[in-house]
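Participant: got a sequence here, can you model it:
(one chain, ligands or ions: 1)
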Amino acid sequence: MADHEMGVPVITIDGPGGSGKGTIAMRLAEHLGWHFLDSGALYRLVAVAAMSREIAVEDEQALGSLAESLDVNFGVSGDGMVILLDGNYITGHLRSEEVSAFSSEIAAFPLVRAALVQRQRAFRKPPGLVADGRDMGTVIFPDAMLKIFLTASAEARAQRRYKQLKDKGESVNLSRLFREIKKRDERDSSRAIAPLVPAADAHVIDSTEMSINDVVQKIHNLHDKSDTSN
Ligand code: DC
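Facilitator: Model (predicted):
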């Protein structure tokens with residue numbers, strides 16, 4: 001880490017897929033005027049690049065080199081974040097179930113994770129960073145000023161995902177989504193390296209019965225408190 005980045009404040013929001021952490025982290029970053037890291041997008045980008053190069057999901061060596069050399073750029077356009085992979089816009093299929101499953105599998109490889117560490121830490125720039133993922137508070141930014149672990153029941157997460165995809169006009173099956181979510185939870189939580197677990201100093205928030213606004217408010221309150229106690 002460069003010297004000037006040492007004191008840059010970071011808020012981490014970790015949790016399983018569908019807990020709402022992406023939306024919440026983005027809102028928080030926008031409100032604070034801070035940078036935003038969607039670390040899952042990096043794993044998804046490695047998955048997309050691997051699939052288009054026909055690299056096998058079990059080829060850790062090739063996947064690690066790919067993650068190392070990934071040509072990716074994040075930018076903002078009028079209607080949100082845009083991502084360029086190898087100079088081409090990609091957005092839509094980054095969130096598909098196929099990419100979700102592939103990225104969750106390759107995220108278990110130490111070579112893939114190691115290749116992405118510096119890329120993630122490089123997002124830490126003044127005035128601050130809100131980082132969303134699985135290991136933001138435990139591995140990537142262990143010195144974060146505020147760590148949130150956001151969870152929700154698998155049923156609630158499947159319902160949210162179902163609604164999201166339906167709203168986009170995709171045909172989806174709720175019980176299949178539920179099974180996929182459980183499978184991904186199991187894989188993300190049980191892997192040997194950087195598993196999905198709350199950091200010892202994380203605030204755990206269960207959003208099953210909470211609206212996005214409720215969660216954002218709660219995090220703001222925690223942030224105000226952590227600001228005055230520092
Ligand atoms: O947050 P997401 O659903 O977009 O993440 C996609 C996959 O990437 C997820 O199944 C696990 C992996 N991931 C990870 O292992 N570590 C992170 N910090 C973020 C995502």
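
Participant: who are the neighbours in contact with Asp135?
Facilitator: Asp14, Ala194, Pro195, Leu196 (Cβ atoms under 8 Å, 6 or more residues apart in numbering). Using the backbone N, CA and C atoms, a C-beta is placed for each residue, glycine as well.

Participant: swap that for Asn88, sorry
Facilitator: Contacts for Asn88 (Cβ under 8 Å, 6+ apart) come out as none.

Participant: neighbour-wise, which of the contacts of Asp135 leads?
Facilitator: In terms of neighbours by other Cβ atoms under 10 Å, the contacts of Asp135 top out with Asp14 at 28 neighbours.

Participant: test my guess that that one contacts Val130.
Facilitator: No: using Cβ atoms under 8 Å, Asp14 is not in contact with Val130; the gap is 11.8 Å.

Participant: isn't there a helix covering Val204?
Facilitator: No: looking at Val204 with DSSP: H, G, I helix; E, B strand; the rest coil, it is strand, so not inside a helix.

Participant: roughly how far apart are it and the ligand?
Facilitator: Separation of Val204 from the ligand (Cβ to the nearest ligand atom, to the nearest Å) stands at 17 Å.

Participant: who does that residue form a beta bridge with?
Facilitator: Beta-bridge pairing for Val204 (DSSP bridges): Phe149.

Participant: give the burial count for it, as a bare number.
Facilitator: 12.

Participant: what sits against it?
Facilitator: For Val204, the contact set (Cβ under 8 Å, 6+ apart) comprises Phe149, Thr151, Pro198.

Participant: how close does it sit to Thr138?
Facilitator: As judged by Cβ to Cβ, to the nearest Å, Val204 and Thr138 stand 13 Å apart.

Participant: what of Leu165?
Facilitator: To Thr138, Leu165 is 30 Å away according to Cβ to Cβ.

Participant: coming back round to it: make CSV out of the contacts of Val204 and add pLDDT, neighbour count and distance to the ligand.
Facilitator: CSV is the format used below for the contacts of Val204 (pLDDT from 0 to 100; neighbours: other Cβ atoms under 10 Å; distance: Cβ to the nearest ligand atom, whole Å):
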residue, pLDDT, neighbour count, distance to the ligand
Phe149, 96, 24, 13
Thr151, 93, 22, 13
Pro198, 93, 17, 13
